[in-house]
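*Asks:* next one to model:
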Amino acid sequence: MEVTPGAAAEQVLEVADADTAVAVGSGSLPVLATPRLLAWIEAATCDAVADLLAVGETSVGTSVRLEHLAPSGVGDWVTVRAEVTSVDGRRLVFVVEATGRDGRPVGRGTVERVVVDETGFLARLG
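*Replies:* Now for the predicted structure:
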């Protein structure tokens with residue numbers, strides 16, 4: 001594994017009907033659902049390190065702290081960015097942020113992931 005602080009990824013995503021709180025069951029308004037924002041952020045953390053992990057390795061989420069700061073409606077564009085800030089053995093810490101098209105903060109927080117061997121991790125299921 002050769003992940004170092006500074007590894008980052010960014011995605012620009014459009015809020016669709018399927019991304020709303022109404023659609024995912026986390027609220028009653030047609031705005032970006034917090035669980036969907038979290039999924040987008042976690043996807044960015046995966047992208048930030050995907051090309052840096054050894055064959056057969058992946059990372060799994062272990063901790064999330066997320067503030068959802070502003071609403072985004074259907075058709076709005078949200079930029080999600082994740083950057084590795086700390087590497088401690090197999091433990092990776094990311095700072096994450098989401099911004100609207102106008103640069104306003106939509107969300108921010110931290111995500112922790114652990115690098116695991118895919119086969120060994122799945123073997124623990126059964």
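*Asks:* please report how far D88 lies from G6.
*Replies:* 15 Å (Cβ to Cβ, to the nearest Å). Bear in mind the C-beta positions are built from the backbone N, C-alpha and C, glycine included.
*Asks:* same question for V31.
*Replies:* The gap separating V31 from G6 is 33 Å, by Cβ to Cβ.
*Asks:* neighbour count winner among these two?
*Replies:* V31 (19 against 9; other Cβ atoms under 10 Å).
*Asks:* low-confidence bits of this structure, can you list those?
*Replies:* 1 (pLDDT under 70).
*Asks:* report the outermost residue of it with respect to its centre.
*Replies:* Distance from the C-alpha centroid of the chain, by Cα atoms, centre = their mean, peaks at G126 (27.5 Å).
*Asks:* residues in contact with it?
*Replies:* When the contact criterion is Cβ atoms under 8 Å, 6 or more residues apart in numbering, G126 has no partners at all.
*Asks:* swap in A23?
*Replies:* A23 makes contact with 17, 33, according to Cβ under 8 Å, 6+ apart.
*Asks:* confirm it sits in a strand?
*Replies:* No - membership of A23 in a strand is not supported by DSSP: H, G, I helix; E, B strand; the rest coil, which gives helix.
*Asks:* all helices of the chain, in order?
*Replies:* Using DSSP state H, the helices assigned to the chain run over residues 21-24, 34-49, 118-123.
*Asks:* deepest-packed of these, please.
*Replies:* Scoring these by mean neighbour count under mean count of other Cβ atoms under 10 Å gives helix 34-49 as the most buried, with a mean of 20.
*Asks:* who does that helix touch, helix- and strand-wise?
*Replies:* For helix 34-49, the packing partners by 3 or more Cβ pairs under 8 Å, 6 or more residues apart in numbering; DSSP states H and E come out as strand 8-14, helix 21-24, strand 57-68, strand 77-88, strand 91-100, strand 105-117.
*Asks:* need the helices of the chain in CSV (columns: distance to V93).
*Replies:* Formatted as CSV, the helices of the chain follow (distance: least, Cβ to Cβ, whole Å):
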stretch, distance to V93
helix 21-24, 27
helix 34-49, 10
helix 118-123, 20
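*Asks:* sounds good, over and out.
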